[in-house]
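Visitor: coords below, sequence missing:
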């Protein structure tokens, strides 16, 4: 009788345990991830929160032609001096991606890392948050850096925090905050700059989107860092200040390729170069044609 009573007790205990496990509220389960707000980690001149799947190699080709102001005589900048960057990124896991690239202007050799803190989830966390860091080495002749040269003069740094959201199937947007520093600059410039940017993407078909962005560098160390001068019916900062950068283009994507064709202001490609050295005024017609191509290989 005692053995029977013990057996019944154990059975009831097991049933209670099973019931308690099955009764966990569904709300406590992890919400599914929302599809990434952007198709690629690069959108025109901007970085985005998107990261390829773990153990994926991403090839990156970025190209900028000259200004279209030359008109038909240089086929709207295509025959002008151009800038190009070739790079590769590798996603170590779902959150960390490392990269390297080489750029024609200033012979920049850049090393980067991006970390994703949180991802947007359906019915859960509403945003995707990521951080990007870049170290670039100016590999031009040391005479470029003047007297008292040291290797540190070649270095520049870029930090960016990105916040993005996929609002619906068709529309995504990102706001980013950046800080860049050059160890050595000429006497007309400052070493540091903050930048605020916004990127938007509107899908018009399963594989085609319209993309737009705007970046605003904010310089430190000037008496009136936020005041614009006015002359010749155009707003401008002056020769020592970087100008705003605007982009407008189209995006074509497949499962492994993303292609951007766009109009922009900056001929620079490395992000700290864009935010500190751009002197083209988009609203004055100083526009360059650019394109980006990315290709994924998953291992």
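Guide: Good, I have the coordinates. Given the structure is predicted, the values throughout are model-derived calculations rather than measurements.
Visitor: going forward, measure contacts and count neighbours with C-alpha atoms only.
Guide: OK.
Visitor: on the three-state scheme, residue 69 is what?
Guide: Put simply, residue 69 is helix when judged by DSSP: H, G, I helix; E, B strand; the rest coil.
Visitor: and the contacts of the helix or strand harbouring residue 290?
Guide: Using DSSP states H and E, residue 290 maps to strand 288-298. Defining contact as CA atoms under 8 Å, 6 or more residues apart in numbering, one finds that strand 288-298 is touched by 40, 44, 52-53, 55-68, 77, 256-267.
Visitor: pull out the buried residues from it.
Guide: Of the residues in strand 288-298, 288-296 count as buried by neighbour count, 16 or more other CA atoms under 10 Å.
Visitor: same deal with stretch 195-205?
Guide: By neighbour count with 16+ other CA under 10 Å, stretch 195-205 contains the buried residues 195-203.
Visitor: got it, and stretch 162-169?
Guide: So, applying 16+ other CA under 10 Å, buried residues of stretch 162-169: 162-166.
Visitor: what does stretch 77-94 give?
Guide: Under 16+ other CA under 10 Å, the buried positions of stretch 77-94 are 77-78, 82-85, 87-91.
Visitor: average pLDDT across that stretch?
Guide: The average pLDDT for stretch 77-94 rounds to 92.
Visitor: which pLDDT does the model give the closest residue to residue 42 other than its chain neighbours?
Guide: With sequence-adjacent residues excluded and distances taken as CA to CA, 6 or more residues apart in numbering, residue 42 is closest to residue 48, at 5.7 Å. According to the prediction, residue 48 has pLDDT 96.
Visitor: now do residue 275
Guide: Per-residue confidence (pLDDT) for residue 275: 88.
Visitor: residue contacts, it?
Guide: Here residue 275 is in contact with 180, 193, 195, 215-217, 242-245 (CA under 8 Å, 6+ apart).
Visitor: tell me which element it falls in.
Guide: Element membership of residue 275, judged by DSSP H and E, is helix 271-277.
Visitor: same deal with residue 65?
Guide: Counting by DSSP H and E, the element that carries residue 65 is strand 56-67.
Visitor: give me the sheet partners of that strand and which way each runs.
Guide: The strands beside strand 56-67 in its sheet (DSSP bridges) come out as strand 83-91 (antiparallel), strand 288-298 (antiparallel).
Visitor: need these in CSV with distance to residue 146, can you?
Guide: Putting those into CSV (distance: least, CA to CA, whole Å) gives the following:
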stretch, distance to residue 146
strand 83-91, 24
strand 288-298, 31
